[in-house]
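>>> fold the following and give me the result.
(2 chains)
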Amino acid sequence: MNIETVGVIGAGVMGIGVAQVLAQADYKVTLVDVSEVALARAEQEIRQGVRFYHLLRQDQELKPLDAAAAVARITFTTDMGPMQGADFVIENVTEKWAVKQPVYATLDQVCPPHCLFAANTSAIPITQIAAATQRPSQVLGIHFMNPVPLKDTVELIRGYHTTEETLAAALALLASMGKMGIVVNDSPGFVSNRVLMLTVNEAIFLVHENVTTPENVDQIFTQCFGHKMGPLATADLIGLDTILLSLEVLYEQFSDPKFRPCPLLRQMVNAGLTGRKSGQGFFTYSS
Amino acid sequence: MNHEKIKAKVVAFLGQHLPLDGLGDSDSIFKTKAVNSLFAMQLVLFVEKEFGIQVENEDLEMSNFESINAVTGLVARKTSAQ
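Have a look, this model is predicted:
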């Protein structure tokens, strides 16, 4: 299928990254958010993101990109109306079913029949999302990694009704964005988050129980295991609020107490210590 | 602004983000492992704000932000050209 215009729903950290990479790959992009403030910030961040892209990709020999041209390919709007021109939609709204469900109901009405929907979710089952539409065979999951412009591999999730055509179109779109997809079947948290969220949560319990410090936890992963980043720095990067939401979704989906969020995590989120984006999580960040 | 003043401001900024002990003026700040390439963005935004200059695409190269001397040299060039 021919994809020219891609709708991106949600101008948070993930939506901004997705819109940037699509614009860099010459797609026309419609970026929708409920907040004008978020859209204004998105425009700034995408401009800087494109401008600095070649600096951050030292693995590739890139020339500086035209930031103004990339931003000009993006329509920033609070209106879902322009989604009637979308061939493919990537949804990045908050990981709460009560927020996602009405978004899909609206998209299903507004978008043309051929349009495919990709949920950029880290935990909510794709089959459940697909059921909120009249086109479940055209719905799949794409779990982008953060920061989106720098992470070249994603987890691609096949929902119960997702067809091979839908998967193929999504893989082709990803390839044109310079990304590869690893296809897995639908299950809460898929592969990545089912393992990662438990690891992060257990790391937080270790700090909560005064077994050791955040620095020590992460050093054991970086220095003993050779991981690039420890679980707590990873949690700060993802955002502790997102970690909490993901754990709550897993807890609810599996009805298994092993996913119960650590009380320290909940307290930090309530206190506004959401990680890198707030300047403070398990570690301190200067802006 | 003279070279020494520029350098002092650059060093002060870097000191907020990485340990300066043993870091020579020409040493790569990225090889300290205290910062990664994402820090280059912060550094560009810092020099633009602090010194009121615009770093154009042709100067957006890692080599201009690699060390204390490189950043100071870039700012000196840009401010003297204004």
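
>>> any idea how many residues pack against the residue in chain B positioned nearest to chain A?
Shortest chain B-to-chain A distance, computed as Cβ to the nearest Cβ: residue-wise this is B:Asn57, at 3.9 Å. Quick note: C-beta positions are derived from backbone N, CA and C, even for glycine. Residues lying near B:Asn57 (other Cβ atoms under 10 Å in any protein chain shown) number 13.

>>> now A:Glu215
Residues within reach of A:Glu215, counting by other Cβ under 10 Å, total 14.

>>> for A:Ala131, same thing?
16.

>>> that one and A:Trp97: what is the separation?
For A:Ala131, the distance to A:Trp97 (Cβ to Cβ, to the nearest Å) stands at 11 Å.

>>> give me the contact status of whichever helix in chain A runs longest with chain B.
If you go by DSSP state H, chain A has its longest helix at helix A:36-56. Yes. Residues of helix A:36-56 are located near chain B by Cβ under 8 Å from any Cβ of the partner chain, namely A:48, A:51-52, A:54-56.

>>> going along the chain, name the strands of chain B.
Ranges of strands within chain B: none, based on DSSP state E.

>>> show me what from it comes close to chain A.
Neighbours of chain A within chain B, by Cβ under 8 Å from any Cβ: B:16-17, B:37-38, B:40-41, B:44-45, B:57-58, B:60-62, B:65.

>>> and the residues of helix A:36-56 next to chain B, which two are furthest apart?
A:Gln48 and A:His54 (12.7 Å; Cβ to Cβ).

>>> who has more neighbours, these two?
Shown here are A:Gln48 and A:His54; by other Cβ under 10 Å, A:His54 has more neighbours (18 against 15).

>>> which one is the more buried one nearest to, not counting chain neighbours?
Spatial nearest neighbour of A:His54, chain neighbours left out: A:Leu62 (3.9 Å); criterion: Cβ to Cβ, 6 or more residues apart in numbering or on different chains.

>>> which SS class is the one you found?
Following DSSP: H, G, I helix; E, B strand; the rest coil, the label given to A:Leu62 is coil.

>>> please name the nearest non-neighbouring residue to whichever residue of chain A sits closest to chain B.
Residue nearest to chain B within chain A: A:Pro64 (3.9 Å; Cβ to the nearest Cβ). Leaving aside its chain neighbours, A:Pro64 sits nearest to B:Asn57 (3.9 Å; criterion: Cβ to Cβ, 6+ apart).

>>> hmm, the one you found is touching A:Leu62, no?
No. Using Cβ atoms under 8 Å, B:Asn57 is not in contact with A:Leu62; the gap is 11.6 Å.

>>> closest to A:Leu107 among the residues of helix A:36-56 next to chain B?
Proximity of those to A:Leu107 (Cβ to Cβ) peaks at A:Gln48, which lies at 28.9 Å.

>>> wait, isn't that closest one in contact with B:Met41?
Yes. Here A:Gln48 lies in contact with B:Met41, judged by Cβ under 8 Å, at a distance of 6.9 Å.

>>> per-residue confidence at the residue nearest to A:His54?
Listed pLDDT for A:Leu62 reads 85.

>>> does it really touch A:Val50, like I thought?
No. Counting by Cβ under 8 Å, A:Leu62 stays clear of A:Val50, with 11.2 Å between them.

>>> spatially nearest residue to residue 43, not counting backbone neighbours?
Looking at chain A here, since you left the chain open. Nearest residue to A:Glu43 in three dimensions, chain neighbours excluded: A:Phe76, at 5.7 Å (Cβ to Cβ, 6+ apart).

>>> ah, I was thinking of chain B
Sequence neighbours aside, B:Phe65 is the residue nearest to B:Leu43 in space, at 5.0 Å (criterion: Cβ to Cβ, 6+ apart).

>>> before we move on, what about A:Lys228?
A:Lys228 sits nearest to A:Thr222 (Cβ to Cβ, 6+ apart), 7.2 Å away.

>>> got it, and B:Met1?
Among residues not flanking B:Met1 along the chain, B:Thr79 sits closest, at 5.8 Å (Cβ to Cβ, 6+ apart).

>>> next, count neighbours for the one you found.
15.

>>> go on, A:Asp79?
Using other Cβ under 10 Å: A:Asp79 sits among 10 other residues.

>>> then A:Val200?
Residues lying near A:Val200 (other Cβ under 10 Å) number 24.

>>> for A:Val148, see how far away it is.
According to Cβ to Cβ, A:Val200 stands 20 Å off from A:Val148.

>>> do A:Val154 as well
When Cβ to Cβ is applied, the distance between A:Val154 and A:Val148 equals 9 Å.

>>> for B:Leu38, same thing?
Using Cβ to Cβ, we find B:Leu38 at a distance of 13 Å from A:Val148.
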